[in-house]
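Peer 1: this is a predicted model, with the sequence first.
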Amino acid sequence: MFDIDFAFLNLIRMLLAEFVGTFILIFAATAGPIVNQKYNGAESLIGNAACAGLAVMIIILSTGHISGAHLNPSLTIAFAALRHFPWVQVPAYIAAQVAASILASLTLKGVFHPFMSGGVTVPSVGIGQAFALEFLITFNLMFVVTAVATDTRAVGELAGIAVGATVMLNILVAGPSSGASMNPVRTLGPAVAAGNYKAVWIYLVAPTIGALGGAAIYKLVQLQEHEVEPPRPTRSFHR
């Protein structure tokens with residue numbers, strides 16, 4: 001009985017950490033474009049990228065050891081598909097992420113009304129181009145996440161910096177075209193708050209496929225323990 005209660009309490013803590021982390025991410029990543037809209041480009045594309053990238057970095061550093069800091073249903077599904085996360089917990093994680101996204105977006109709507117539309121990710125290019133961009137940038141993101149989160153030879157202490165930098169890079173590349181969502185709840189929450197569901201399916205499907213692809217390709221190229229050469233002795237220059 002004690003073990004069951006402990007496991008349940010641990011799961012609640014993980015879900016709460018995931019909720020808070022996702023709330024912070026959506027609030028920061030969506031606030032940047034909203035402020036940009038309200039103050040005539042004050043943030044700029046670089047500012048928007050920094051808002052999201054820095055938010056990801058600080059959340060991973062602060063909650064990664066509690067919940068894993070997925071912050072993204074696509075990443076949660078990809079981790080589960082590669083057996084790095086239990087499928088039984090996937091619905092609860094996604095529910096926490098969706099709820100946090102909607103609450104963060106409604107909070108932004110209350111604070112910045114009537115400028116919520118600036119935070120909605122909608123494509124400014126064709127449907128095919130937007131889909132391809134969201135697939136590719138999420139592939140990039142999940143490739144890096146899989147490396148720092150699952151490979152013991154990666155520098156785990158730098159995971160927050162690596163993932164945050166990847167998010168910034170992806171926004172600089174795709175932000176003006178697709179909005180660089182990389183995350184279904186980055187799109188879903190603002191869409192609900194603004195009542196704008198234009199091409200929302202792209203941001204639900206493409207990131208999920210991209211995350212699965214990025215994780216699978218990293219596992220394909222990852223060296224196995226028995227394939228790694230033992231460290232060679234350091235050559236001495238002393239005679």
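Peer 2: Arrived safely, thanks for sending.
Peer 1: when you work out contacts or count neighbours from here on, use the C-alpha atoms and nothing else.
Peer 2: OK.
Peer 1: measure the closest residue to residue 112 other than its chain neighbours to residue 27 for me?
Peer 2: The spatial neighbour of residue 112 that comes closest, neighbours along the chain excluded (C-alpha to C-alpha, 6 or more residues apart in numbering), is residue 34 at 7.5 Å. Noted for residue 34: a distance of 10 Å to residue 27, by C-alpha to C-alpha, to the nearest Å.
Peer 1: any idea how far residue 131 lies from residue 182?
Peer 2: Using C-alpha to C-alpha, we find residue 131 at a distance of 11 Å from residue 182.
Peer 1: neighbour-wise, which of those two wins?
Peer 2: Between residue 131 and residue 182, residue 182 has the larger neighbour count (other C-alpha atoms under 10 Å), namely 32 against 21.
Peer 1: so that one sits against residue 138, correct?
Peer 2: Yes - under the contact definition of C-alpha atoms under 8 Å, residue 182 touches residue 138, with a separation of 5.0 Å.
Peer 1: so what sits against both of these two?
Peer 2: Residues touching both residue 182 and residue 138 comprise residue 207, with contact defined as C-alpha atoms under 8 Å, 6 or more residues apart in numbering.
Peer 1: residues making contact with stretch 19-39?
Peer 2: Applying C-alpha under 8 Å, 6+ apart, the contact partners of stretch 19-39 are 41-44, 47-49, 51-52, 55-56, 59, 63, 69, 71-72, 96-97, 99-101, 103-105, 108, 112, 115-120, 185-186, 190.
Peer 1: for residue 153, what is the enclosing helix or strand?
Peer 2: Remark: residue 153 resides in no helix or strand, with elements defined by DSSP states H and E.
Peer 1: and the longest helix for this protein?
Peer 2: Here the longest helix in the chain is taken by residue count, with DSSP state H as the criterion, and it is helix 2-38.
Peer 1: ok, residue 34 to residue 14 distance?
Peer 2: In this structure, residue 34 and residue 14 are 30 Å apart, going by C-alpha to C-alpha.
Peer 1: tell me which of the two has more neighbours.
Peer 2: Relative neighbour count places residue 34 above the other of residue 34 and residue 14, with 26 against 21, counting by other C-alpha under 10 Å.
Peer 1: show me where this structure has its helices.
Peer 2: According to DSSP H, the helices that the chain contains are 2-38, 44-67, 73-81, 90-112, 127-150, 159-178, 184-194, 200-221.
Peer 1: could you dump those helices to TSV with mean pLDDT?
Peer 2: As requested, the helices of the chain are arranged in TSV below (pLDDT from 0 to 100):
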stretch	mean pLDDT
helix 2-38	90
helix 44-67	94
helix 73-81	96
helix 90-112	96
helix 127-150	95
helix 159-178	95
helix 184-194	96
helix 200-221	96
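Peer 1: next, residue 222: phi, psi?
Peer 2: Dihedral pair for residue 222: phi -70, psi 130, per degrees, to the nearest 10.
Peer 1: and what of residue 84?
Peer 2: Torsion angles at residue 84 (phi, psi; degrees, to the nearest 10) stand at phi -100, psi 0.
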